[in-house]
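Q: can you look at this prediction? I've put the sequence above it.
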Amino acid sequence: MNCETALQLIDAFMDSELDPSTSLEVSTHISACPACKQALESRQALSKAIKLAAAFAPAPAALRGQIRHKIQPRPHFRYGIAAFGMAAVVAACFGFATWKKNSDLRRDQDQVISDVMAHYQASESSAHIVDIRSKECGSLKNWFNSKVNWSPKVYRLFSQPFTMVGGRVDLVGNQAAPVIVYRSGNSNVDVFVTPSVDVKPRNVDAQGLHVRSWSDSGHDYYAVSNGSPAEINAVQSALKVCR
Amino acid sequence: MRHVDAAYNLSLWLLRDPHDAEDATQSALFKAFRAFGRMRSTDAKPWLLAIVRNECMDLLHSRSVRTRSEHPTDDVLDFAEATELDPEGAAIQSLDAEAVLGAINQLPPEFREVIILREIEELSYREIAGVINKPVGTVMSRLARARTRLQLMLTSTGECV
């Protein structure tokens, strides 16, 4: 495969829309061709930037309220009865949604856990561990503040053998989430921070990864590592005491 | 009803006006409810987004007729593309959210919709093809061009530094 063909296919490749054999050809070409690799990385950076930027756009929850308000029947509505029926259906759905909120919270937490596991594996396999390298809390915090539209606390681990590597931003749910990366022994520990929905503490150990999630002082935390369970438990408790 | 957010977001992206977006979403939801029995697709989201998208495109079209500026056709787009960069040329300098949003908003609607449907709604090419009623090949080439344009806008000097 030459560069011209590879570049033509690069979008479909990135979007996992190619058949397996073509995908393999593109991947083989890219691994041997720095220019095409650069092109792919630019595309990936753009894709990530769009997703992150969209997370800054007005929150869907607020819009939903507006829409619900707007689809109430109005006197001049031509479709009077049908609209009223629709509004009733909408209202019923929202009632049901509220009722289901608790199970949704749990499901959302599962979704976040699978998101953070995927991000962890992606960052490990691409060797792109951090967007910014920093051992200093203050500068990392400033950097996060410029990247996400809410202000996370940055926790520092004081106790050996953990060291702070730096930070990056990943998309968790629909929101840009700061990720603080620590080094513990031979493995990285990624701590994802999200605005709190008051998750119940949960531990997941799957696919060789360990995830610990908990809620504390207005943030939810998801710590992920491929090290030993003891290691990640230690990180979790160290984070808690070193506020 | 969980697709209402997606429907509204798509309208807002395409129309760039909250009021118009509300009207379009409202109208599309209405049509969707009436047509629910005829829904063939197994997944409601692309189906609903197709209705929303058509509603928005009708609105955009009537707007452009009002202002007497024709909607760009694929031919015009082809011509405009001739001066644009290959993906390899563009390394993005600036990725701050405002610049990215600004750049997306500067895209012609035909390009903007494929970006939104792919990057934000995360539809497959086949689903996007269903929404915009074009072949998958068109989806692929529009998406590639849209991304190249965005990269170009985000690398060029000016408002997106």
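A: Happy to help now that I have it.
Q: going forward, measure contacts and count neighbours with C-alpha atoms only.
A: Will do.
Q: middle-most residue in chain A, spatially?
A: The structure's chain A has its C-alpha centroid closest to A:Val172; by C-alpha atoms, centre = their mean the separation is 2.1 Å.
Q: quick one: least confident helix or strand in chain A?
A: Taking mean pLDDT, DSSP states H and E as the measure, helix A:60-70 is the helix or strand of chain A with the lowest mean score, a mean of 55.
Q: sorry, back to before: for the residue nearest to the centre of chain A, what are its contacts?
A: By C-alpha atoms under 8 Å, 6 or more residues apart in numbering or on different chains, the contact list for A:Val172 reads A:112, A:115-116, A:194.
Q: how close does it get to chain B?
A: 13 Å (C-alpha to the nearest C-alpha, to the nearest Å).
Q: mind giving me the domain split of the chain?
A: Went with chain A since none was named. When chain A is parsed with automatic domain parsing, its domains come out as A:3-56, A:60-99, A:102-241.
Q: switch to chain B, please.
A: Looking at automatic domain parsing, the domains of chain B come to B:1-71, B:72-161.
Q: for residue 34, give me phi and psi.
A: If you meant another chain, say so; for now it's chain A. As for A:Pro34, its main-chain torsions (degrees, to the nearest 10) stand at phi -60, psi -40.
Q: what's the answer for A:Trp214, then?
A: The main-chain torsion angles of A:Trp214 are listed as degrees, to the nearest 10 and equal phi -160, psi 170.
Q: what's opposite it in the beta bridge?
A: A:Trp214 forms beta bridges with A:Tyr221, as assigned by DSSP bridges.
Q: quick one, what contacts it?
A: Taking C-alpha under 8 Å, 6+ apart as the definition, contacts of A:Trp214 comprise A:199-202, A:220-222.
Q: helix, strand, or coil at B:Glu113?
A: In the three-state summary, B:Glu113 is assigned as helix, counting by DSSP: H, G, I helix; E, B strand; the rest coil.
Q: on that earlier part again, ranking the domains of chain A by mean pLDDT, which is last?
A: Between the domains of chain A, the one with the least mean pLDDT is domain A:60-99; it has a mean of 59.
Q: and the residue nearest the centre of chain B, how far from chain A?
A: Centroid check for chain B by C-alpha atoms, centre = their mean gives B:Glu113 as the closest residue, at 1.0 Å. Distance, B:Glu113 to chain A, using C-alpha to the nearest C-alpha: 13 Å.
Q: I'd assumed B:Leu12 was in contact with that residue.
A: No: using C-alpha atoms under 8 Å as the test, B:Glu113 is too far from B:Leu12 to be in contact (10.8 Å).
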